[in-house]
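K.L.:
this one's sequence-less:
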Ligand SMILES: NC(=O)C1=CN([C@@H]2O[C@H](COP(=O)(O)OP(=O)(O)OC[C@H]3O[C@@H](n4cnc5c(N)ncnc54)[C@H](OP(=O)(O)O)[C@@H]3O)[C@@H](O)[C@H]2O)C=CC1
Ligand SMILES: Nc1nc(=O)c2c([nH]1)NC[C@@H]1CN(c3ccc(C(=O)N[C@@H](CCC(=O)O)C(=O)O)cc3)C=[N+]21
């Protein structure tokens, strides 16, 4: 037996392919979607993610700008740049790579982005829209998870979804998305005891913690759909998720790999959100 793999990399590649045609027709009408990415400092992981985002934009034909600041940049300077991008007609999406250095308030920076250009979906206005089921922008990782379930044709309504992790960028918005799709949702976190009591009840389990091998085979229900958001370096320096993949894949119905699962979906949803932002701003004129 064993689980079926959900190939995020392949699903994302197919989505990028479909986007190319859409972007060509936008361009034929004289309209080019644009994304600005702000990177502060030289964190190697952040640099590598940002490079990937710029590469994705090039591949599908989205105009992109990478704006870099030194680690020592002031909050004032950063906010001034965001103001400028808010007014820039060639830029439809703005992303500030997190984390930011400690002298800068992440909340202030996120709130400075016009909600219409907030392609990360982190602005409180967009979070509020998600809570109240209004149209806005949804955080890329949770949106990517939903797209993966669509790709394997699994209906979510009535399922018991257990989300482990309650961060503003993954756990919370993922829980709200599933709730909006009529799932029954349980949210677990570091104070949940015992965690396995909850995870064992999940039809769909989302692990978004950042701890290697947090979820073992004994922690899941046979046939469950297991979505691994975690990104950790193991002792051998390899990128691994939160799920003990080799043992859990024997018991799950579906499972996402790390790498090649949620990560590529996160990236492609940023492109989707940028196109959505461009479309909406184009309509408004
Ligand atoms: N693949 C992708 O596209 C992305 C991957 N990631 C990865 O996903 C993981 C989570 O990211 P993020 O949400 O930003 O992380 P955070 O560190 O912001 O949140 C982690 C969450 O896990 C909870 N937690 C910690 N320890 C335990 C435990 N032992 N049992 C249950 N819950 C626990 C915390 O609980 P509490 O709130 O109580 O502290 C918290 O809610 C990371 O590995 C990150 O690298 C992140 C974004 C995108
Ligand atoms: N403003 C902001 N928005 C974000 O969306 C954001 C952020 N800041 N800060 C950091 C986290 C993390 N994140 C990932 C994106 C892609 C992969 C990804 O593509 N992962 C590949 C592997 C990449 C590798 O090999 O290192 C995979 O899982 O296959 C992972 C993680 C977005 N984040």
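P.N.:
Happy to help now that I have it. Model, not experiment: these values are computed from the prediction. Ligands and ions are numbered 1, 2, ... in the order given.

K.L.:
switch to C-alpha atoms for all contacts and neighbour counts from now on
P.N.:
Fine.

K.L.:
Need phi/psi at residue 200.
P.N.:
phi -70, psi -20 (degrees, to the nearest 10).

K.L.:
Give me the distance between it and ligand 1.
P.N.:
Distance, residue 200 to ligand 1, by CA to the nearest ligand atom, to the nearest Å: 14 Å.

K.L.:
which residues sit in contact with that residue?
P.N.:
Counting by CA atoms under 8 Å, 6 or more residues apart in numbering, residue 200 touches 218-221.

K.L.:
neighbours around the residue found closest to it once you drop the neighbours it is linked to in the chain, how many?
P.N.:
Distances taken as CA to CA, 6 or more residues apart in numbering place residue 220 nearest to residue 200, at 4.4 Å, with adjacent residues excluded. By other CA atoms under 10 Å, the residues close to residue 220 number 24.

K.L.:
What of residue 72?
P.N.:
For residue 72, using other CA under 10 Å, the count is 12.

K.L.:
Could you look up the SS state of residue 128?
P.N.:
Here residue 128 takes the helix state, with states given by DSSP: H, G, I helix; E, B strand; the rest coil.

K.L.:
Tell me the spacing between it and ligand 1.
P.N.:
Distance of residue 128 to ligand 1, computed by CA to the nearest ligand atom: 19 Å.

K.L.:
Check residue 65 too.
P.N.:
21 Å.

K.L.:
who's in contact with that residue?
P.N.:
Going by CA under 8 Å, 6+ apart, residue 65 touches 34-37, 54.

K.L.:
If you rank those residues by neighbours, which is first?
P.N.:
Within the contacts of residue 65, neighbour counts (other CA under 10 Å) peak at residue 35, which reaches 29 neighbours.

K.L.:
Surely the residue nearest to residue 200 is in contact with residue 201?
P.N.:
Yes: taking CA atoms under 8 Å as the definition, residue 220 is a contact partner of residue 201 at 7.3 Å.

K.L.:
tally of neighbours for the residue lying closest to residue 99 once chain neighbours are set aside?
P.N.:
Of all residues beyond its chain neighbours, the one nearest residue 99 is residue 106 (7.8 Å), with distances taken as CA to CA, 6+ apart. Counted with other CA under 10 Å, residues neighbouring residue 106 total 16.

K.L.:
now do residue 28
P.N.:
For residue 28, the neighbour count with other CA under 10 Å is 9.
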